[in-house]
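Peer 1: for reference, the sequence and a predicted model appear below.
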Amino acid sequence: RRRRLLGLIERSRVVIFSKSYCPHSTRVKELFSSLGAECYVLELDQVDDGAKIQEVLLEITNQKTVPNIFVNKVHVGGCDQTFQAYQSGLLQKLLQEDSAYDYDLIVIGGGSGGLSCAKEAAILGKKVMVLDFVVPSPQGTSWGLGGTCVNVGCIPKKLMHQAALLGQALHDSGKFGWEYNQQVKHNWETMTKAIQNHIRSLNFGYGLSLREKAVAYVNSYGEFVEHHKIKATNKKGQETYYTAAQFVIATGERPRYLGIQGDKEYCITSDDLFSLPYCPGKTLVVGASYVALECAGFLAGFGLDVTVMVRSILLRGFDQEMAEKVGSYMEQHGVKFLWKFIPVMVQQLEKGSPGKLKVLAKSTEGTETIEGVYNTVLLAIGRDSCTRKIGLEKIGVKINEKSGKIPVNDVEQTNVPYVYAVGDILEGKPELTPVAIQSGKLLARRLFGASLEKCDYINVPTTVFTPLEYGCCGLSEEKAIEVYKKENLEIYHTLFWPLEWTVAGRENNTCYAKIICNKFDHDRVLGFHILGPNAGEVTQGFAAAMKCGLTKQLLDDTIGIHPTCGEVFTTLEITKSSGLDITQKGC
Amino acid sequence: MAAMAAALRGVGGRFRWWTPAVAGGVRGAAQGAVAGQRDYDLLVIGGGSGGLACAKEAAQLGRKVAVVDYVEPSPRGTRWGLGGTCVNVGCIPKKLMHQAALLGGLIRDAPHYGWEVAQPVPHDWRKMAEAVQNHVKSLNWGHRVQLHDRKVKYFNVKAGFVDEHTVRGVAKGGKEILLSADHIVIATGGRPRYPAHIEGALEYGITSDDIFWLKESPGKTLVVGASYVALECAGFLTGIGLDTTVMMRSIPLRGFDQQMSSLVTEHMASHGTRFLRGCTPSQVRRLPDGQLQVTWEDRTTGKEGTGTFNTVLWAVGRAPDTRSLNLEKAGVDTSPNTQKILVDSREATSVPHIYAIGDVVEGRPELTPTAVMAGRLLAQRLFGGSSDLMDYDKVSSLAGRRLQPGEAESEASSSGVPTTVFTPLEYGCVGLSEEEAVSRHGQERVEVYHAHYKPLEFTVPGRDASQCYVKMVCLREPPQLVLGLHFLGPNAGEVTQGFALGIKCGASYVQVMQTVGIHPTCSEEIVKLRISKRSGLDPTVTGC
């Protein structure tokens, strides 16, 4: 039935799923006949399997009501949307243009989400183009194909985190019998060069894989100029126009600036840090996002003097108990925190690599101001969606005016039916590479592969790669209490001491594990949190188990892999409500 | 601390020590004890993971409990404190020495990441061993403190049954004590075996009981055996820079997935461990310079080979520690083949009030966490009014493991125990091996998804990732239930634990694929497995 339906949509210029008695359906039919368009009308109340067809339509379009209209394979929507499309001229455009478009799909943005969508569409036999253009940062940094994750995100960040962990490992290794001069210096240039080389090989790999899949890659800035038409501007300012039946916006985000005197001139962001040609020296990190804490963490790991300036709380949106523990571990390991301050001015005292900057900051609570001198000021106060300068207004794609994010339905469709969006620019969705990859791929399969699978944004695991890693999946304690009420929850927790830390003489009662269970649903695990080494590796499998309905009982019935950190979750006994001591005395 | 030590020294309490000369007189007195007048509600023989868990739980339930523990020195004279195999000569020191070896690798990575460390960096065995041993000793101490805190009496004596309610304990100096109890739990565990008919094996060889307690570096070492104990030991010895050879009769890691096993040994070989395959030792001699000359037979060529080593380490299996218990005095039955104790589902032996848990029991998985759980449940049944039985089927479908013998492995892995072998490249698995899945369900009904991946951290130092490999064995029929997961790479233990739970929850391939990855990690490779073996496509992961 589904195949039949898709076949029908594929073959017909206009398909109207209707009910003979429905006044809205009648209006739509009249509209199309006034436009002189030939329509295939299926009256669902007059066929035997009408109800079942409606179910299938719900799956395909996320719309159950009639009328349900398709024009040239594009799902326009119901009566109101059709009339809107008529008023905006989109409907006429859809009716005119058969397969006269240059491409089946144009993806704007060559990051994780865009590339995965483009490649999947190409695998499914579609003619696909990717437009990717990196606008240089105010400091002049730019990079190659692959987007944030590869160039200025997860990849370089994890590698620098690894470099910092190696510093710790070197320190530990003396205790484990390795003999070397303990005064080991870190060389920023050597590390950065090695990391940038790796990134370049990834950029090259992405280009290659697009070529292999016959995806057209254009290193130009894409901007909508009218329906189904985009202007691509390259580095030299040359403009080219392309058309496509469908579009995916995957432009991602860029770091935000403070909007104070001296910020764009003298401060850097994560866009610049990973390819900085010189060691940043004494650094002020402004912000308390995970980007801020991760950067501060590894910089301190190299032995640099690092201060984090925090406006209010750490890791907003994450479990606050965990966030606090992340922060206090960093503090114990040499990162300084300036709480409740915001910078108001940055001045250059000396030029150089690095130079010297004076930062003036004021308290968020009073009139107090402070001054500090740093070699580098790194802003990590948030990111802005790249959605305001790509001509979305020309075709009427709605964005959240405040956040710049694009609202989409659960099939990643914007309010303009042939325009979709994936990745960090989606409103209310996690900003994570694997999410973007997954949603991009599934989107292509739904558009071109007759798949119905939607991206599941529930229980998405993630890990913050601070010096002590923090992995989580599901709800924070705050969110769980908000949704389920405190009395319906049981929270189990414990501190633990990784075996490898004992001999190394690293602190006990620092690593922490916590699960949040729903007492009235078989103690189902709603939230999983771990602070400890290799948190990412530990969390992944538990996320898979949560997909399958993990309960406390299942954790208890499971015997641990000994000796690992992950095994603590199989022996959690102490509830938070009991108030019992969770410090570890023996082993 | 001093007060605590004094308290522990005084642990004998109201019991008087007796010399062997007068022991006979006491025996009668203790034997005469009847229910209610016996010294203890529960006496646990063996202070390893299982015994301690049982004793502590019983004390928690308000009972009067004693633990007797005594480590018979190994043939080399090695002995250790309270806590049993896992703590003293098993998982704990093993993982710490593995960590020492991993740190060696990280030191070599460090310059690529900008750390200016002059290479090569030498390793000092003594320093490592001392640190590891100190940690183990602190654990021994911790166990004693825990017993003391819970008012469990502890006797460092060697126990033997006198009758079914009475045990005679002999201390190091020969002093004797008689202890009577209503319930007795045997938890004496196992010890490494020596080969029976090899000249010089016992005289000159050591086992895993000794290696972690050596004060001096073992030097050039021959490890005999193909169990994970053998490979783990050879792995960390190589990793800290020692010339190490593994001699194995047939295949490595019998019972484990053989594709994974061969990748494990391939990785070890490419990192300097030598392998003598298809060889069996026939003689060990001490040369005048103190080195050991080993003679072996190459079973494929039939030729004889010799080599000289500083140390020969036997890792050829383990045997239960039941000989000195005088089980016949109490009437406790053992298996004639294995000498292990026979018990029912309540852990009761042939004598209803005598129980056995842990490695000493016939047909149980030899795992630390299993013994712990069995001990606690037993105490709860005896004294807590509980009727919960240890569900070994459930456990064996999902359990941890500890340093164990070759024989136990095939049993463990085929019954689906999740394990991690801490070889230099760690191998974690849960559920069925590919061979086992095929033999149970047939080639046509099994789908294997696999990938060769490169850990991000390997890229910068240019480490070879040829053996980093993951495969998931599934039923072919939708929704493709996961039968087994095999992961070879860094932190395999951490990666495997959560997935073991997922598989316990009945995860299907589809559900695992719906799980969003954590980027960039190694474990995300598991939720990105798209290539089936059947497809014949290249499983090398490129890009992210």
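Peer 2: Happy to help now that I have it. Numbers count the residues shown, from 1 in each chain, chains lettered A, B, ... in the order given.
Peer 1: residues touching the residue nearest to B:C505 when sequence neighbours are not counted, list them.
Peer 2: The shortest distance from B:C505 to any non-neighbouring residue, by CB to CB, 6 or more residues apart in numbering or on different chains, is to A:C548 (3.6 Å). All C-beta spots, glycine's among them, are computed from the backbone N, C-alpha and C. Residues near A:C548 by CB atoms under 8 Å, 6 or more residues apart in numbering or on different chains: B:G502, B:C505, B:G506, B:A507, B:Q511.
Peer 1: where does confidence bottom out across those residues?
Peer 2: Least confident of those in the model: B:C505, at 82.
Peer 1: can stretch B:119-137 be said to contact chain A?
Peer 2: Yes. Using CB under 8 Å from any CB of the partner chain, stretch B:119-137 comes into contact with chain A via B:121-129, B:131-132, B:134-135.
Peer 1: need the per-residue pLDDT for B:G25.
Peer 2: 39.
Peer 1: related to what we said a few turns ago, among the residues of stretch B:119-137 next to chain A, name the buried ones.
Peer 2: Using 16 or more other CB atoms under 10 Å in any protein chain shown as the burial test, the residues of stretch B:119-137 next to chain A include B:V121, B:H123, B:W125, B:K127, B:M128, B:A129, B:A131, B:V132, B:H135 as buried.
Peer 1: of all the contacts of A:C548, which comes closest to A:K127?
Peer 2: A:K127 has its nearest neighbour among the contacts of A:C548 in B:Q511, at 33.9 Å by CB to CB.
Peer 1: pLDDT score for A:R11?
Peer 2: Value for A:R11, per-residue pLDDT: 76.
Peer 1: cool, the one 4 residues further on as well?
Peer 2: The per-residue pLDDT reported for A:V15 equals 90.
Peer 1: try A:C22
Peer 2: Predicted confidence (pLDDT) for A:C22: 89.
Peer 1: kindly tell me how buried the residue lying closest to it once chain neighbours are set aside is, as a neighbour count.
Peer 2: Spatial nearest neighbour of A:C22, chain neighbours left out: A:V66 (5.7 Å); criterion: CB to CB, 6+ apart. Applying other CB atoms under 10 Å in any protein chain shown, we find 23 residues neighbouring A:V66.
Peer 1: doesn't A:V66 lie inside a strand?
Peer 2: No. According to DSSP: H, G, I helix; E, B strand; the rest coil, A:V66 belongs to no strand; its state is coil.
Peer 1: roughly how far apart are it and chain B?
Peer 2: Remark: distance between A:V66 and chain B (CB to the nearest CB, to the nearest Å) = 31 Å.
Peer 1: wait, that residue touches A:P23, no?
Peer 2: No. Judged on CB atoms under 8 Å, A:V66 makes no contact with A:P23 at a distance of 11.0 Å.
Peer 1: mind listing the strands for the stretch 301-450 of chain A?
Peer 2: Using DSSP state E, counting those that start in this stretch, the strands assigned to the stretch 301-450 of chain A run over residues A:306-310, A:336-339, A:341-350, A:356-363, A:369-374, A:376-379, A:383-385, A:419-421.
Peer 1: a markdown table please, covering these and showing distance to B:S324 and mean neighbour count.
Peer 2: Shown next, in a markdown table, are these (distance: least, CB to CB, whole Å; neighbours: other CB atoms under 10 Å in any protein chain shown):
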| stretch | distance to B:S324 | mean neighbour count |
| --- | --- | --- |
| strand A:306-310 | 61 | 23 |
| strand A:336-339 | 61 | 17 |
| strand A:341-350 | 70 | 17 |
| strand A:356-363 | 73 | 18 |
| strand A:369-374 | 70 | 15 |
| strand A:376-379 | 67 | 26 |
| strand A:383-385 | 69 | 19 |
| strand A:419-421 | 74 | 27 |
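Peer 1: including distance to chain B and mean pLDDT, could those go into JSON lines?
Peer 2: Below are the strands of the stretch 301-450 of chain A laid out as JSON lines (distance: least, CB to the nearest CB, whole Å; pLDDT from 0 to 100):
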{"stretch": "strand A:306-310", "distance to chain B": "17", "mean pLDDT": "98"}
{"stretch": "strand A:336-339", "distance to chain B": "23", "mean pLDDT": "98"}
{"stretch": "strand A:341-350", "distance to chain B": "25", "mean pLDDT": "97"}
{"stretch": "strand A:356-363", "distance to chain B": "23", "mean pLDDT": "98"}
{"stretch": "strand A:369-374", "distance to chain B": "21", "mean pLDDT": "97"}
{"stretch": "strand A:376-379", "distance to chain B": "17", "mean pLDDT": "98"}
{"stretch": "strand A:383-385", "distance to chain B": "17", "mean pLDDT": "96"}
{"stretch": "strand A:419-421", "distance to chain B": "18", "mean pLDDT": "97"}
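Peer 1: of all those strands, which one comes closest to A:G262?
Peer 2: strand A:341-350 (3.5 Å).
Peer 1: output the contacting helices and strands for the closest one.
Peer 2: helix A:263-266, strand A:306-310, strand A:356-363, strand A:369-374 (3 or more CB pairs under 8 Å, 6 or more residues apart in numbering or on different chains; DSSP states H and E).
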